[in-house]
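K.L.:
Give me the fold of what follows.
(3 chains)
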Amino acid sequence: MLEKREFEKSDFMWRLSTAVTVVSGIFSVIVFVLLAVNYLQIRAVDPIDNEMITQMRIEYSELPEQDDALAKRIEELDLLTRKAFFASQNHLRVGAGLLLVGVCVFLIAFKNMIRWKPELPELAEVPTADREFLAYAQSRRLITWGGVTLLAGGLLVSLLTESLVAAPAAAGLNASSAQVTLDGGVDGIEPPIAVAKEYPTWDAMQLNWPSFRGPGSSGQAHFTNAPLDWDVEEGRGIRWKAEVPLPGTSSPVVWGTRLFLSGADEQTREVYCFDTETGELRWKRTLEPFEDTPAESPFVNAETSYAAPTMVVHGDQVFAIFSNKDIVSYDFDGNLVWGRNLGISDNHYGHSSSLLAYGGLIYVQLDQVEEGKLLALDAPTGETAWVKKRDWISWASPILAHTPYGVQVILCSEEDVDAYDAASGKLLWSQDCLGGEVAPSPAYSNGIVFAANEYAMASAIQLTGSADAIQTEILWEYDNLLPEISSPVGDGERFYFATSYGELVCLDAASGEEKWVEEVSDAGFYSSPVLVGDRLYILDKEGTMYIVRAGAEYEEIATRAIGEETFATPAFMDGRIYVRTTAHLYCIE
Amino acid sequence: MMKTKLAILVLGAVLLSATGAGAIELKFPPPDFQTPYGLPDLYNPPPAAGFGWWDTVILFGALSLATWFVFKSRSRRGLFLLSIFSVAFFGFYRRGCICPVGSTQNVMAATFIPDVGVSAIIVSFFVLPLLFSLFFGRVFCASVCPLGAMQELVAIAPIRISPALERVLGLGKYLYLGLATLGVATGAGFLICRYDPFVGIWRMGHSFNMLLAGGAILLLGVFVARPYCRFLCPYGVLLGWMSRFSKWHLDIPPSPCVSCRLCEDSCPYNAIDMPTPEHLVEDPETGKRRIRAYVFLSPAIILAGAFGGYMMHEPLSRLHPTVQLSERVAAEDLAIYQEEILESETFRAGDQTTAELHAEALAIRGSFKKGGAWLGAFMALIICLKLIGLSIVKKRDIFTPHKETCFSCGRCYPYCPVEEAGATT
Amino acid sequence: MSKTKKFDRRDFFRGTAALAFTGAAWGAVGEKTEGTVWQLDPNKCTQCGRCTTHCVLNPSSVKCMNQFNICGYCDLCFGYLQPGSRARGTGAGDQLCPTAATKRAYIEHPYYEYLIDEDLCIGCAKCVNACLVFGNASFYLQNRQDVCINCNECSIAKACPSDAWSEVPASQPYIYLTGDKSTTI
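P.N.:
Residues are numbered from 1 along each chain as shown, chains lettered A, B, ... in the order given. I've put the predicted structure just below:
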């Protein structure tokens, strides 16, 4: 009944089992390596989605006529990959079986090897009286240390892992005091709008010209008393004319009696503050490189310039961004408040999207090829309040829309129009309606968002639904004439836009009906139209201002030449127009 | 033929109307056949019959047989052959499912989560080995558990590791049990099944990593016997607790021990306690003071453990797929990842909003706060109990197997000279 | 350790433990004793292809099925033919199915019947997706219960991105199409 361990030797059996052990061991290792290699190969080469065959099939289906030779080639390749795949599968199966057998043989032989060359048990030293006690003491120590290690390791791990859901902080860019990433603020996080009191109200913003195309980038001037008659050559109606030290396509912004402008060349980036009364340059600041500022400015298209984005005024600060993504803030006296670099530019014409500000946040639309994002920066500190991933590139600027569903920041990209909650950054809706390289910003008026781009379509997006679930629907589409650079504007009943070929277009907001089309300029429009009361002001590339009636019928009011090349959109403030040409700044009264 | 067609159509109509799919829009209307044609039957084979209660019967039989080999015939060879059977049947033939180790989770799930049931067969798989353990020691581990049996079979040249190291590594199985419980209670899934190292071998295919892990554990097991059982097996913890109080247990010499120490040498599991020396090396008062200190300190230790576990809730919660997804989506929204993975892509195409997902994830994380604290307290409690246990030196005259850690594998049987004497006389 | 020993405190403890244990465990069974099996809801399925790769079985226990009362019996079946396949042949090269598991049989002009050879099907859902996008969406995936070994934690269920997998009562082991499935992928 009881089998005893036999302390006997057998040299022959030992030799035999040793040999079998070695052979089966080597065999198993080889089979294992082959199996692993085969497995990894099968994983890498998926016969179901063979790229080459897929490519050939596409080619084949696009051929105008039946190509029997190609069909045959596809068939042969297909058969080959299938064969290879099934052969590999078979190898795997056979290999696994062989490995199992090999390992079994190895184990049995190994056991026999030990059995037939038994060594008498080597007992440990004669137990001393305290051996067990020492083992206990050692165990206690080790277990204590084990427990401490577990606790310390656990705490360390918990410190090292940071949840993006609960604490969105440090993960976003260089930010350290991020507040809101949660869509909708799940964790009861106070949206930064709470500090809006200290920032100008919408009314105050409308009395000024704080950003590109005016308040909220709407293209609508609050003051309707803009001058109609002036003459640059005679100096009639020209209050002052000033030189702008460095070039740039960015537009002037105005707050009170201060006009701000940015200019840059490849090496130097500057911010200017002019007195609106006299045209005197109050101060000029040259940016020092920030920590992450790249040594060389990224490439920009000549027409884009190194200072294409327009500045923004918010509170008692001004903000400027340049093509190398340096963003800077000065107070009204030119003292640096903060500045930082927002990372590498991956944009083949150069960064051109203008800044927008509302409720203590500065919105930066960084749409580019890789790592595109929409940033909301805390105005006083420049730290990232929230950041949203953007999938597509664009050169358009964000606009602020006061919709019945709340204040939205609306962006155009290569594919779609997206709206974010101005405070929390929650993506509210997204409409796929654009295409191509988008430069015109969207326009909002009366519940309708209008977005258009050359090579795509002009679409009117109607917002419906409830504030919790905003629905969008395409009201109409129009593709006869389309803007390329110039942004559209709406007056509630109609949308107006200007093309690069010099046409002005008016569409009915409700139906999309073409109200009128007028080819007014030979030079074409890059600057955007501004709605001043019932008049539309627009500058063409050669610096001629066309003033037409904003209405259902086309009516020319006036044509006034500035006579200098112009890309920027002028600013309209209480009876004055501020025009930036490539070389000068004009104040027209 | 027509009858079948009619039946299928009726079935189809019932299906469609029952699910409110009357509005189903077919791009291509089903044809109105001119020739006699009946829609083929939907072929829906019932679940593979499986073994049903036969599984339980076979388990019971194997346990009884193992008990008989351990107590009556005292046959290492019998246990060895039974191991081969268990590996072949429960392992390769039944492909590792159903197994008592995994059944722990089903029972826990039924206990923790309302509306989750567990079938009686699974409960029988959970309870039977524990009951046997309560009366006969860990005979299940000896040769019935396919995982244990597999490792027992490959443990050919085992080395002994120091008892202290054995004990501290042994904490691993308590941690695994705690984590598995946490996983079940929070709905993160069945960790024991997910990281079962041998299931890939039973099925001759699984994820490459798990196959590698299984192979590595077996290779290690040739030299360090039963690494999974000793340092990881969560069910082993329960079996050990039962076995500690077992009514009968394997003992080495049925007749008086001659203290030859051969058995101690034969045991690769450090599971044989030696007789205590006649003279204690330590002043008994010091020992008593130490125990008092441990008992006194244990509430603080347990609290510290609970605190540590609570602090761990964030990393721990990533065991849960919803939390993983939520983190991924948040990271993508922060533009940390440029590429979407299949999970986040599917989520974004679905109806659930990001806010809802995050809210759900935060709720789950909340449950991990509580669970993490319990896990930490449990580990601290185990450590306290171990420390107190290691301060009590029991009086022993002969070599005795340690009832909690002994696998009843019978390796010591052939070594005991007394046994031979007993058998021949 | 003698078996003739009197019933002592330890025995009492053991007996109580055994009873409590068994009782608690059976209590957990309660009325919910019916076994469950794993199944995927084809109405939630997004045809990601993981059923093919994540099953512990090779080939997977997930197979394609055709719900004939929805099927349009089309001649140009996108679930059957490669896109751009000109000849509409029955050769493997013209078929969408990577394992040629979809079988086509002529019924009458212009209708063809499509059956799935489940021994060949690997559950890749290519045909399901094509039929969903271009056709009536009559193809759908199901876990074949005669093949499935019903793991305690289904590997596919764990990997499924659309949460389509769940444990269903063994007496109703299949989930049919309801027709309200989203056409977005």
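
K.L.:
Only C-alpha atoms from now on, for both contacts and neighbour counts.
P.N.:
OK.

K.L.:
shaky segments in the chain?
P.N.:
Going with chain A. A:1-9, A:44-49, A:118-130, A:166-198 (pLDDT under 70).

K.L.:
let's do chain B instead
P.N.:
B:1-25, B:49-50, B:254-255, B:278-281, B:419-425.

K.L.:
Quickly note the distance from the residue of it found nearest chain A to C:Tyr111.
P.N.:
Across chain B, the shortest distance to chain A (CA to the nearest CA) belongs to B:Ala164, at 4.1 Å. B:Ala164 is 76 Å from C:Tyr111, where distance means CA to CA, to the nearest Å.

K.L.:
can you check A:Glu503 too?
P.N.:
In this view, A:Glu503 and C:Tyr111 are 56 Å apart by CA to CA.

K.L.:
thought the residue of chain B closest to chain A was touching A:Thr144?
P.N.:
No. With contact defined as CA atoms under 8 Å, B:Ala164 does not count as touching A:Thr144 (11.3 Å).

K.L.:
ok, the residue of chain B closest to chain A - contacts?
P.N.:
Counting by CA atoms under 8 Å, 6 or more residues apart in numbering or on different chains, B:Ala164 touches A:135-136, A:138-140, A:142.

K.L.:
State which helix of chain A is the longest.
P.N.:
The longest helix of chain A (DSSP state H) is helix A:68-116.

K.L.:
residue ranges of the helices in the chain, please?
P.N.:
You didn't say which chain, so I picked chain A. All helices of chain A, identified by DSSP H, fall at A:11-44, A:51-62, A:68-116, A:131-160, A:202-206.

K.L.:
oops, chain C please
P.N.:
C:9-29, C:50-54, C:126-134, C:155-159.

K.L.:
Make JSON lines out of these and add mean neighbour count.
P.N.:
As requested, the helices of chain C are exported to JSON lines (neighbours: other CA atoms under 10 Å in any protein chain shown):
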{"stretch": "helix C:9-29", "mean neighbour count": "16"}
{"stretch": "helix C:50-54", "mean neighbour count": "21"}
{"stretch": "helix C:126-134", "mean neighbour count": "21"}
{"stretch": "helix C:155-159", "mean neighbour count": "19"}
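
K.L.:
out of these, nearest to chain B?
P.N.:
helix C:9-29 (5.3 Å).

K.L.:
count of neighbours near A:Met52?
P.N.:
Using other CA atoms under 10 Å in any protein chain shown, A:Met52 is surrounded by 12 other residues.

K.L.:
and the gap between it and A:Glu59?
P.N.:
Going from A:Met52 to A:Glu59 by CA to CA gives 11 Å.

K.L.:
Kindly report the same for A:Glu303.
P.N.:
Note on A:Glu303: its distance to A:Glu59, by CA to CA, is 39 Å.

K.L.:
contacting residues around A:Trp255?
P.N.:
Applying CA under 8 Å, 6+ apart, the residues near A:Trp255 are A:208-210, A:313.

K.L.:
Which of the residues you listed ranks first by neighbour count?
P.N.:
A:Pro210 (31 neighbours).

K.L.:
give me every residue that touches that residue.
P.N.:
Contacts of A:Pro210 (CA under 8 Å, 6+ apart): A:216, A:253-255, A:312-314.
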